[in-house]
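Colleague: Need coordinates for the following:
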Amino acid sequence: MSDIPTPTAPGTPVRLSDAAIRRRMLREFWFYFSQNRGAVVGLAVFLLLVLIAVFAGLIAPHDPIVQYRDALLVPPAWEEGGQSAYLLGTDAVGRDMLSRLIFGAQYSLFIGIVVVSIALVGGIIIGLLAGFFGGWVDSVIMRVMDVILAFPSLLLALVLVAVLGPGLTNAMIAIAIVYQPHFARLARAAVMSEMKREYVTAARVAGAGNLRLMFKTILPNCLAPLIVQATLSFSSAVLDSAALGFLGMGAQPPAPEWGTMLAEAREFILRAWWVVTFPGLAILISVLAINLMGDGLRDALDPKLKRS
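Modeller: This is a model prediction of the structure:
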């Protein structure tokens with residue numbers, strides 16, 4: 001009889017393990033995320049894009065830089081004059097369009113990850129300092145952020161790249177600097193809201209230092225809106241990098257970056273539609289998918305939008 005567990009008295013709270021709490025939060029997150037069908041489609045397309053980028057070397061039928069001089073401006077395989085060896089045709093110097101689009105996914109993901117990482121880390125640190133200390137620190141930081149936000153993002157990125165010099169690395173740094181104020185303002189607002197909570201006061205009374213309060217106590221509770229902003233900034237980074245590449249200030253030829261591919265194809269837009277259409281579609285689909293995924297993340301992570 002002693003082996004029979006004693007039933008819990010009614011009304012007694014049941015303590016869940018950390019793993020059970022995490023599983024419950026994950027199920028709740030997926031429930032709200034999956035309510036948005038567009039977000040699920042966007043996630044599927046984004047995962048497909050990641051797989052294409054990771055396995056580009058295995059999927060691509062040709063080297064994206066090799067020029068086939070006997071196959072200049074070959075139309076897609078289903079068009080008259082097309083060849084099965086070049087499913088989406090070739091460009092003006094005989095490079096396979098499909099292979100260049102596949103390797104272009106690597107550039108887009110790399111640019112998005114680097115830009116968002118730099119902007120997110122820098123914005124969080126700046127926003128934490130401004131929201132936590134307030135006073136003149138907050139005023140100085142926010143005025144600098146306001147000055148940056150006063151300029152159109154693409155124009156400011158162009159000026160920065162012109163100063164730093166054209167190239168993919170400088171373009172990523174410029175775009176990250178332009179996006180930093182968005183994260184800083186969001187982090188500042190979240191920190192100022194959390195500073196009024198009782199758990200922050202309790203941690204301060206318990207003797208927690210400023211660094212511990214900022215990074216261990218307050219920051220984890222401010223991450224939800226920052227994650228949503230990071231997702232939306234990812235798509236904007238892909239779009240802006242393509243714009244800089246199109247203007248000749250981003251990735252330089254012969255790199256198979258989608259914006260650079262559009263720039264190289266400008267003079268053939270009327271007589272070779274495929275060299276312009278396919279890179280444009282790649283940018284459109286990837287940006288749309290990431291934006292849809294960001295909408296789903298906002299629905300799942302923003303408590304104000306959750307339905308009871």
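Colleague: tell me the helices in the stretch 201-308 of the chain, going along the chain?
Modeller: For the stretch 201-308 of the chain, helices defined by DSSP state H, counting those that start in this stretch occupy the ranges 210-212, 223-246, 258-264, 274-301.
Colleague: who's in contact with the first one?
Modeller: Helix 210-212 is contacted from outside by 132, 203, using CB atoms under 8 Å, 6 or more residues apart in numbering. In this view, the C-beta of every residue, glycine as well, is placed from N, C-alpha and C.
Colleague: what's the spacing between that helix and its chain's center?
Modeller: Its chain's average C-alpha position is 29 Å from that of helix 210-212, according to CA atoms, centre = their mean, to the nearest Å.
Colleague: go on, stretch 96-111?
Modeller: 16 Å.
Colleague: Residues contacting it, please?
Modeller: Contacts of stretch 96-111 (CB under 8 Å, 6+ apart): 49-50, 52-53, 56, 59-64, 66, 68, 86-91, 168, 171-172, 175, 237-238, 241-242, 251, 255-258, 261, 274-275, 278-279, 282-283, 286.
Colleague: how about a cut-off of 6 Å?
Modeller: Here stretch 96-111 makes contact (CB atoms under 6 Å, 6 or more residues apart in numbering) with 49, 52-53, 56, 59-60, 62, 64, 86-90, 172, 237-238, 241, 256-258, 278, 282.
Colleague: go on, stretch 129-148?
Modeller: Under CB under 6 Å, 6+ apart, the answer for stretch 129-148 is 126, 181, 184, 188, 191-192, 214.
Colleague: per-residue confidence averaged over it?
Modeller: The average pLDDT for stretch 129-148 rounds to 90.
Colleague: which intervals of this structure have sub-threshold pLDDT?
Modeller: 1-16, 302-308 (pLDDT under 70).
Colleague: Let me know the secondary structure of Ala85.
Modeller: The assignment at Ala85 comes out as coil when based on DSSP: H, G, I helix; E, B strand; the rest coil.
Colleague: buried stuff in whichever helix or strand Leu186 is part of?
Modeller: Following DSSP states H and E, the helix or strand that holds Leu186 is helix 168-194. Within helix 168-194, the residues scored as buried using 16 or more other CB atoms under 10 Å are 168, 170-188, 190-192, 194.
Colleague: Next secondary structure after the longest helix that the chain contains?
Modeller: Looking across the chain with DSSP state H, the single longest helix is helix 97-133. Once the chain leaves helix 97-133, the next helix or strand it forms, by DSSP H and E, is helix 135-149.
Colleague: angle of that next one against helix 97-133?
Modeller: On the basis of axes from the mean of the first three to the mean of the last three CA atoms, to 10 degrees, helix 135-149 is oriented at 150 degrees to helix 97-133.
Colleague: Report the buried residues of helix 135-149.
Modeller: 138, 141-142, 145, 148.
Colleague: next helix or strand past it?
Modeller: That would be, after helix 135-149 and using DSSP H and E, helix 153-164.
Colleague: helices or strands up against that next one?
Modeller: helix 168-194 (3 or more CB pairs under 6 Å, 6 or more residues apart in numbering; DSSP states H and E).
Colleague: Which elements pack onto the helix it packs on?
Modeller: Against helix 168-194 (3+ CB pairs under 6 Å, 6+ apart) you get helix 97-133, helix 135-149, helix 153-164, helix 223-246.
Colleague: what's the distance between that helix and the middle of its chain?
Modeller: The answer for helix 168-194 is 13 Å, by CA atoms, centre = their mean.
Colleague: do stretch 191-210 as well
Modeller: 31 Å.
Colleague: before we move on, what about stretch 167-175?
Modeller: Using CA atoms, centre = their mean, the offset of stretch 167-175 from its chain centre is 15 Å.
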